[in-house]
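Colleague: Please find the sequence and the predicted model below.
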Amino acid sequence: MSDLEALKKEAALRAVALVQSGQRVGLGTGSTAKYAIEEIGRRLRDGELTGIVGVSTSEASEQLAREVGIPTEPLDPRPLDIAIDGADEIAPNLDLVKGLGGALVREKVTEVQARRLIIIADHTKLVQQLGEKAPLPIEIVPFGFLSTIERLREFLPGGRLRMSGAQNYVTDNGNYIFDAQLPADFDARELERRIKGTLGVVDTGLFLGMAERAFVAAPGGVQELVRGE
């Protein structure tokens with residue numbers, strides 16, 4: 001395991017330390033979130049946690065949860081006590097871009113119901129403004145997708161449809177993803193409103209005002225960032 005991977009795992013352990021017995025836990029998706037799922041499974045096996053129920057944000061996290069022994073159930077209207085997930089970009093106010101792994105809609109639908117959303121990531125995900133390093137994933141319905149992309153390009157001229165080899169990438173929901181290039185200067189909430197108001201769009205990878213804190217792995221150790229501090 002590389003030093004950065006070891007730090008990412010340490011960040012995941014810090015996040016899982018916030019999980020308490022008897023809680024409903026949102027299980028994130030991606031290379032960093034998997035460390036959290038594995039640690040929750042270990043603590044269940046060792047008796048450090050009991051009565052945990054996981055709610056998965058993707059088919060991949062659902063499969064991993066089963067493999068490590070976390071009981072899972074589908075999302076329903078009840079709130080989650082806590083959710084732990086990764087991020088592709090983290091702004092200073094803990095606004096996020098997520099979705100490079102393709103699970104943005106299921107992640108958002110799940111994590112909006114969490115009383116606490118805890119982010120784990122490495123230091124390369126820190127940015128001063130969203131869009132510095134990563135595109136903004138936008139999930140769109142397949143029907144008429146070229147028309148949807150043209151509507152988006154009226155105000156987001158840069159970007160491309162995500163591909164998987166020679167085929168269009170397909171999400172767990174059966175949709176496509178348009179990876180948009182964000183402009184140099186924008187109001188995130190206004191942009192989200194405009195994107196979501198575009199016919200054919202399901203949702204965006206903007207996670208605004210949702211994260212409570214982030215554990216960020218860096219060469220010097222794990223840094224804890226708290227929204228509002």
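Modeller: Perfect, thanks for sending it.
Colleague: okay, CA-based contacts and neighbour counts for the rest of this
Modeller: OK.
Colleague: Now do the helices in this structure.
Modeller: Using DSSP state H, the helices of the chain run over residues 3-16, 33-45, 59-68, 104-111, 145-152, 188-196.
Colleague: how about the second one: buried residues?
Modeller: Of the residues in helix 33-45, those with enough neighbours to count as buried (16 or more other CA atoms under 10 Å) are 33, 34, 35, 36, 37, 38, 39, 40, 41, 42, 44.
Colleague: Please compute how far it lies from its chain's middle.
Modeller: 17 Å (CA atoms, centre = their mean, to the nearest Å).
Colleague: Which secondary structure elements does it sit against?
Modeller: Helix 33-45 sits against helix 3-16, helix 59-68, strand 82-85, with contacts defined as 3 or more CA pairs under 8 Å, 6 or more residues apart in numbering; DSSP states H and E.
Colleague: again, 7 Å this time
Modeller: Here helix 33-45 touches helix 3-16, helix 59-68, going by 3 or more CA pairs under 7 Å, 6 or more residues apart in numbering; DSSP states H and E.
Colleague: In TSV: the buried residues of helix 33-45, plus distance to residue 111.
Modeller: Below are those laid out as TSV (distance: CA to CA, whole Å):
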residue	distance to residue 111
33	13
34	16
35	18
36	15
37	15
38	19
39	19
40	18
41	20
42	23
44	22
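Colleague: Quick one, which of the helices of the chain gets closest to residue 87.
Modeller: For the helices of the chain, the distance to residue 87 is smallest for helix 33-45, at 9.3 Å, taking CA to CA.
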